[in-house]
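Visitor: Requesting a structural model of the entry that follows:
(chains A and B)
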Amino acid sequence: MKNINKSMKILTMFLLAAPLIMVSFGLASAKETATDNYKLYCVQCHGTKGTGKGINAPFLSVAPRNHTSAKDMGELSDDNVFKAIKSGGGAVGKSTQMPSWGAVMTDDEIHDMVKRLRVMCKCEGKK
Amino acid sequence: MKKTFFIYCLSLMVFIAVPSWAADGKALVKSNKCGSCHKMQGPAVKTIAEVLKRKAPDLFYAGSKFNKDWLVKYIQSPTVIRPGGVVYTNNIKLNGDQDEPANLLKCASKLSAGDAAAVGDYLMSLKDATMKVGVFKKAKIKKAMARRVMMKGEACNACHSFPKRGGGVSCPTFEGIGSRLNPDWMYSFVNHPQKWDPKVWMAKRDLDDATLQLIVNFLSSMK
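Guide: Down below sits the predicted model:
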């Protein structure tokens, strides 16, 4: 009887704690929107308007890509854009002043970012 | 006999109590409302929405991050460390089509020398138990090589401003960073910024120990 009581107690405690544990895990891995990721990570160089005029831009030796330019962005395939964001400018033969965000954003979030950039340039990726 | 012993005990109590009472840094942090801007208790926030509400840098691992001498001076008369503000993206004004930092929210701390010493003691006790200490090895380095790594390959100057040479404004300046920060903490942060601040807008790099030692030695020399 004593033992049953004890295991019941442990079970109830577990049942009470489970939602809490799930909530905290959920928060840790919550997916961010491309809008928020852009605002925090990209705007510093690419600018609030996405035209490449961020607060750091005057100090760079290579101009950040203008994400609103159909001409410039239309020359890049979606794969190229994905790779540039995930592994940095160096990985696509461009300037390393474009950092690699693979350890900051998940692949899923980077795919969302590529879609967002296509909305910004009103253009499609080179096939 | 009994009486003298009693007086002895009493004076001993006063002797012990007064200094620790006058030097209660934790109470001073509370009465000065440092926690109304700074997060004084971990863990760090994990979502962008929470980062966007940040008013001031986290202090709950201050004892791992700062050099004490710098800290005690700073909280008596703070200066600007982050030229773009604490969360740059909340602090942008447009000049034509070019973004520029708008207003700076400076640290409000204005402690007297005595209070600053007590608060410094308290803040230095807030250590992160998981940080490896004794990792940094002070060495004579080739500064030209460090500059090549930091201003070309890794482009740290895209975001951080170097003394005399300048650089980006979206995060802390390197001016005086050697006096400010504990080299072991710099090593840990540059190796894995997200360990300290999961959503920080500095990318994680894959740097080997030799490169990290080179970088941190160079940063430490920027007094």
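
Visitor: From here on, just use CA atoms for contacts and neighbour counts.
Guide: Fine.

Visitor: Where does the prediction get shaky in chain A?
Guide: Low-confidence segments of chain A (pLDDT under 70): A:1-29.

Visitor: Report the contact partners of the residue nearest to the spatial centre of it.
Guide: Geometric centre of chain A, nearest residue: A:M105, 3.8 Å, by C-alpha atoms, centre = their mean. Counting by C-alpha atoms under 8 Å, 6 or more residues apart in numbering or on different chains, A:M105 touches A:K86.

Visitor: I'd like the domain boundaries of chain B, if you could list them.
Guide: According to automatic domain parsing, chain B comprises the domains B:25-124, B:143-220.

Visitor: Would you reformat those as JSON lines and include mean pLDDT, mean neighbour count and distance to chain A?
Guide: Shown next, in JSON lines, are those (pLDDT from 0 to 100; neighbours: other C-alpha atoms under 10 Å in any protein chain shown; distance: least, C-alpha to the nearest C-alpha, whole Å):
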{"stretch": "domain B:25-124", "mean pLDDT": "97", "mean neighbour count": "18", "distance to chain A": "5"}
{"stretch": "domain B:143-220", "mean pLDDT": "98", "mean neighbour count": "19", "distance to chain A": "5"}
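
Visitor: Let me have these in JSON lines, adding distance to A:M73 as columns.
Guide: Converted to JSON lines, the domains of chain B look like this (distance: least, C-alpha to C-alpha, whole Å):
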{"stretch": "domain B:25-124", "distance to A:M73": "19"}
{"stretch": "domain B:143-220", "distance to A:M73": "22"}
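
Visitor: on that earlier part again, could you look up the SS state of the residue nearest to the centre of chain A?
Guide: In terms of secondary structure, A:M105 is coil; the call rests on DSSP: H, G, I helix; E, B strand; the rest coil.

Visitor: Out of the domains of chain B, which gets nearest to A:I110?
Guide: A:I110 lies closest to domain B:143-220 among these, at 14.1 Å (C-alpha to C-alpha).

Visitor: mind checking how far A:D108 is from chain B?
Guide: From A:D108 across to chain B, the span is 16 Å (C-alpha to the nearest C-alpha, to the nearest Å).

Visitor: so which strand or helix has that residue?
Guide: Assessed by DSSP states H and E, A:D108 sits inside helix A:107-121.

Visitor: which residues make contact with that helix from outside it?
Guide: Contacts for helix A:107-121 (C-alpha under 8 Å, 6+ apart): A:31-35, A:38, A:50, A:67-70, A:73-74, A:78, A:81-82, A:85-86, A:124-125.

Visitor: Also stretch B:28-40?
Guide: Here stretch B:28-40 makes contact (C-alpha under 8 Å, 6+ apart) with B:R54, B:K55, B:A56, B:P57, B:D58, B:L59, B:F60, B:S109, B:D115, B:V119.

Visitor: Equivalent analysis for stretch B:60-79, please.
Guide: For stretch B:60-79, contacts defined as C-alpha under 8 Å, 6+ apart pick out B:39-42, B:106-113, B:116-117, B:119-120, B:123-128, B:131, B:179-182, B:185-186.

Visitor: what sits against B:Y88?
Guide: By C-alpha under 8 Å, 6+ apart, B:Y88 lies in contact with A:Q44, B:P101, B:S170, B:C171.

Visitor: Narrow those to those in strands?
Guide: Secondary structure from DSSP state E places B:P101 of those in strands.

Visitor: Thank you kindly, that will do.
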